[in-house]
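A.B. asks: Coordinates for the following, if possible.
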Amino acid sequence: MELIINHTVRNFEILPQTLEALLAMEIPHKRKGIAVALNNRIIPQSSWPETFLNDKDSILIITATQGG
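C.D. replies: Got it, this is the predicted structure:
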């Protein structure tokens, strides 16, 4: 099974079921300042637990950074 995360193909033995599960794996200690798009559609944080993933989905994870 594979997902395209930030334009990079990632293979998974077992695909994470939800967007929330994927984010817990990818960025386990960060919850604020994150925006996520699934197949070019922004997903609100309140929907992450019930947003299911499928093989070959494209996910863009954007995290806010400090600086200017």
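
A.B. asks: give me every residue that touches residue 11.
C.D. replies: Applying Cβ atoms under 8 Å, 6 or more residues apart in numbering, one finds that residue 11 lies in contact with 1-2. Where you see a C-beta, it was placed from the backbone N, CA and C, and this is true even at glycine.

A.B. asks: err, residue 56, not the other one
C.D. replies: 2-4.

A.B. asks: Neighbour-wise, which one of the residues you listed leads?
C.D. replies: Taking other Cβ atoms under 10 Å as the neighbour criterion, residue 3 ranks highest of the contacts of residue 56 with 21 neighbours.

A.B. asks: and it, bridged to which residues?
C.D. replies: Here residue 3 sits in beta bridges with residue 10, going by DSSP bridges.

A.B. asks: For residue 48, give me phi and psi.
C.D. replies: phi -50, psi -40 (degrees, to the nearest 10).

A.B. asks: low-confidence ranges in this protein?
C.D. replies: Residues of the chain meeting the criterion pLDDT under 70: 67-68.

A.B. asks: If we use 90, what do you get?
C.D. replies: The chain contains residues with pLDDT under 90 at 1, 14-15, 27-33, 63-68.

A.B. asks: quick one, helices of this structure?
C.D. replies: 19-26 (DSSP state H).

A.B. asks: And the strands in it, which stretches?
C.D. replies: 2-5, 8-11, 34-38, 41-43, 58-63 (DSSP state E).

A.B. asks: Redo those strands as JSON lines? Include distance to residue 22.
C.D. replies: JSON lines is the format used below for these (distance: least, Cβ to Cβ, whole Å):
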{"stretch": "strand 2-5", "distance to residue 22": "7"}
{"stretch": "strand 8-11", "distance to residue 22": "10"}
{"stretch": "strand 34-38", "distance to residue 22": "9"}
{"stretch": "strand 41-43", "distance to residue 22": "11"}
{"stretch": "strand 58-63", "distance to residue 22": "7"}
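
A.B. asks: which stretch among these comes nearest residue 51?
C.D. replies: strand 41-43 (5.4 Å; Cβ to Cβ).

A.B. asks: Sheet-wise, list the partners of that closest one with their directions.
C.D. replies: In the sheet, strand 41-43 lines up with strand 34-38 (antiparallel) (DSSP bridges).
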